[in-house]
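**Q** whatever this is, show me its structure:
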Amino acid sequence: MADSLNRNNIPTPWVDGELRLVGLDNRMIGLLSAIDQSGSLNQAAKQVGLSYKGAWQIIERANNGAPQTLVRTATGGSKGGGTCLTEAGRSLLALFTRLEQQHRQFLDQLNRSLADDPDTLLLLQRLVVKTSARNQIFGSIVAIQSGAVNAEVIVKLKGGEQVITTITLTSLSELELKIGADAVLLINSADIMVVTDSELSRFSARNRLSGSVIRIQQDEVNAELIILLSGGETLVAMITQQSVQSMAFMPGMPVWVAFKSNAPILGVMPPL
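**A** Numbering: from 1, shown residues only. Below is the predicted model of the structure:
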């Protein structure tokens, strides 16, 4: 099985944020801009997704809080009334627009500086990966062995351990895997077996990693064993309460985690 984490080649805006001035927010500025364009409070309210009453309340607060009136409304008359910005209102809108442009330029500059730092980008990429798999570990591809139907990809973890994962030849081609590429392995907790030294020889699983139990979380039926690998990563294995008791698992106990090569889902990190 394989799953590419490549979505597209558009650079990720790692630094983002909304410009806010004290006493003002984008909703008020958006309303002022819509009034300036439409000349109608009713149309402006619809444009920014506000009720007519809600728009009126915002305008009233803005006019009451500002040293000069920002919005002027006329009712009736030969032209049927309307709403418009005063000179002070247009000045405020122009100020916010100018500050917003400078704010975007500042964010662009920060993101460009991050793009020039591959180590920081690699850290950010790994922190934002979200999956439903209980276990998520990172490494780099050190070997690819193609067979008649499937391929074996060997991923070296940061602690030096190696994990073998089996994928189809189609997936191998689609993912465009290369030696040295960064990869992520997703492993369901139910696919991991936890055994002791004396029982390890009974299991034929291709992947066997040594570690120790650091925590046990139990409910009425199952238990989760949190295993610290020798390289520093942690894996979570789900086993039955009966297995916890029969194996006498306890924190600090040395164990092996074992799982088949088709258990991990292999993902490739997008290029920096």
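
**Q** what about the nearest residue in space to residue 253 that is not next to it in sequence, which helix or strand?
**A** Using CB to CB, 6 or more residues apart in numbering and skipping the chain neighbours, the partner closest in space to residue 253 is residue 213 (4.8 Å). Any C-beta I mention is one placed from the backbone N, CA and C, and that applies to glycine too. Secondary structure from DSSP states H and E places residue 213 in strand 207-218.

**Q** what does that strand contact?
**A** 161, 163-164, 194, 200, 223-230, 234-235, 241, 244, 249-261, 263-264 (CB atoms under 8 Å, 6 or more residues apart in numbering).

**Q** give me the buried entries from those residues.
**A** By neighbour count, with 16 or more other CB atoms under 10 Å, these hold 161, 163-164, 194, 223-229, 235, 244, 249, 253, 255-261, 263-264 as buried.

**Q** moving C-terminal of the lowest-mean-pLDDT helix or strand in the chain, what's the next helix or strand?
**A** When the helices and strands of the chain are scored by mean pLDDT, DSSP states H and E, helix 118-128 comes last with a mean of 53. Sequence-wise, the next helix or strand downstream of helix 118-128 (DSSP H and E) is strand 135-146.

**Q** list the buried residues for that next one?
**A** Residues 135-139, 141 are the ones in strand 135-146 that count as buried (16+ other CB under 10 Å).

**Q** next: stretch 193-207.
**A** Using 16+ other CB under 10 Å as the test for burial, stretch 193-207 gives 193-195, 205-207.

**Q** and stretch 92-105, by the same measure?
**A** For stretch 92-105, a neighbour-count test (16+ other CB under 10 Å) marks 92-93, 96 as buried.

**Q** the nearest residue to residue 240 once chain neighbours are set aside: neighbouring residues, count only.
**A** Of all residues not flanking residue 240 in the chain, residue 222 sits nearest, at 6.0 Å (CB to CB, 6+ apart). Burial of residue 222 is recorded as 16 neighbouring residues (other CB atoms under 10 Å).

**Q** show me the contacts for residue 222.
**A** 238-241.

**Q** give me the mean pLDDT for the helix ranked longest in the chain.
**A** For the chain, the helix with the greatest residue count under DSSP state H is helix 87-115. Computed over helix 87-115, the mean pLDDT rounds to 80.

**Q** may I have stretch 247-267 exported as CSV, CA atoms only?
**A** The C-alpha coordinates for stretch 247-267 follow below in CSV (Å, rounded to 0.1, in the frame of the first residue of the first chain):
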residue,chain,number,x,y,z
MET,A,247,2.8,-11.3,29.2
ALA,A,248,3.2,-9.3,32.4
PHE,A,249,3.9,-6.1,30.5
MET,A,250,5.1,-3.2,32.7
PRO,A,251,6.8,0.1,32.2
GLY,A,252,10.5,-0.3,31.6
MET,A,253,10.3,-3.8,30.3
PRO,A,254,12.4,-4.5,27.2
VAL,A,255,10.3,-5.7,24.2
TRP,A,256,10.3,-6.1,20.5
VAL,A,257,7.7,-4.6,18.1
ALA,A,258,7.0,-6.7,15.1
PHE,A,259,4.9,-6.0,12.0
LYS,A,260,4.6,-7.3,8.5
SER,A,261,6.0,-5.5,5.5
ASN,A,262,2.5,-4.8,4.1
ALA,A,263,1.4,-3.1,7.4
PRO,A,264,3.1,0.4,6.9
ILE,A,265,1.5,2.9,4.5
LEU,A,266,4.4,4.7,2.7
GLY,A,267,4.1,8.3,2.0
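
**Q** now it: average pLDDT?
**A** Across stretch 247-267, the average pLDDT comes to 90.

**Q** how far off centre is it?
**A** On the basis of CA atoms, centre = their mean, to the nearest Å, stretch 247-267 sits 26 Å off its chain's mean C-alpha point.

**Q** what segments of the stretch 151-272 of the chain are helices?
**A** In the stretch 151-272 of the chain, the helices defined using DSSP state H, counting those that start in this stretch lie at 169-175, 241-247.

**Q** of the ones you listed, which stretch is the most buried?
**A** Across these, averaging neighbours per residue (mean count of other CB atoms under 10 Å) puts helix 169-175 on top, at a mean of 15.
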